[in-house]
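> Generate a structure from the sequence data that follows.
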Amino acid sequence: MINTFDEAYQFVLEQKVCTVFGSKGSPYPSLWENTGLSEKKPKAGGWNPKVVAIWDWKTRIPQTYPNKVFYGKVPGGDAVLMEMQHFRDVHYPEAFQPVRELDPLAQEVYDLVRLKPDYTGPLRKRAIVGLGCTKSKFDTALKKLQVSLNIVRSNDPKLKNDFWLPMREVHLEIVRG
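Numbering: from 1, shown residues only. Presented below is the predicted three-dimensional model:
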């Protein structure tokens, strides 16, 4: 069972792809199901030790090892950590979909990210005001852009929340093939 950051990192490398919190019907193992930390809520309140650790690992592993681990979403929308060579050789060629093939709202949200990368909240506000969409439709478009590998979360450790960038700004060598 996984109990530490280093064990979680090794698990990702060994499995090639793992979901963060697990999902019914997913073909991938999950950090959640393979972590042995307590699920008991602290008396003082807040998240249990297992949630705290996994939430940290999903962000810190790709920040610490950006050339070894990719964080993103797979078809179906599950958040995953993926060994970078697998991402480069298998997942990207199979899952990439050009933004021009996506629906108009996803294309417009991509343009917002391309022109001014931003955190989810401010990006959502710009889309709702500028594109006239709902929160739900924006969230769906953002997920489509992640699954289609057109945008990616920044791995900059100074950024504490999801900050979105075009995939080519982070992984140009993979985008170019």
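
> Pull up the distance across stretch 81-92, start to finish.
One end of stretch 81-92 to the other measures 13 Å (C-alpha to C-alpha, to the nearest Å).

> Output the below-cut-off pLDDT ranges for this protein.
Within the chain, no range satisfies pLDDT under 70.

> so where do the strands sit in it?
Ranges of strands in the chain, per DSSP state E, are 17-19, 69-73, 79-83, 118-119, 151-153, 163-166.

> Need these in TSV (columns: mean neighbour count and distance to S26).
Every C-beta, even on glycine, is put in place using the N, C-alpha and C of the backbone. Listed next are these as TSV, based on neighbours: other C-beta atoms under 10 Å; distance: least, C-beta to C-beta, whole Å:
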stretch	mean neighbour count	distance to S26
strand 17-19	23	5
strand 69-73	23	12
strand 79-83	23	9
strand 118-119	16	27
strand 151-153	24	20
strand 163-166	20	24
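
> For the helix ranked longest in the chain, output the C-alpha coordinates as CSV.
If you go by DSSP state H, the chain has its longest helix at helix 49-64. C-alpha atoms of helix 49-64 as CSV (Å, rounded to 0.1, in the frame of the first residue of the first chain):
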residue,chain,number,x,y,z
PRO,A,49,-5.3,12.0,5.9
LYS,A,50,-5.9,10.0,2.8
VAL,A,51,-7.7,12.9,1.0
VAL,A,52,-5.0,15.3,2.1
ALA,A,53,-2.2,13.1,0.8
ILE,A,54,-3.8,12.3,-2.6
TRP,A,55,-4.8,15.9,-3.2
ASP,A,56,-1.1,16.9,-2.5
TRP,A,57,0.3,14.1,-4.7
LYS,A,58,-1.8,14.8,-7.7
THR,A,59,-0.3,18.3,-7.8
ARG,A,60,3.2,17.8,-6.4
ILE,A,61,4.2,14.7,-8.3
PRO,A,62,4.0,16.4,-11.8
GLN,A,63,5.4,19.7,-10.3
THR,A,64,8.4,17.8,-8.8
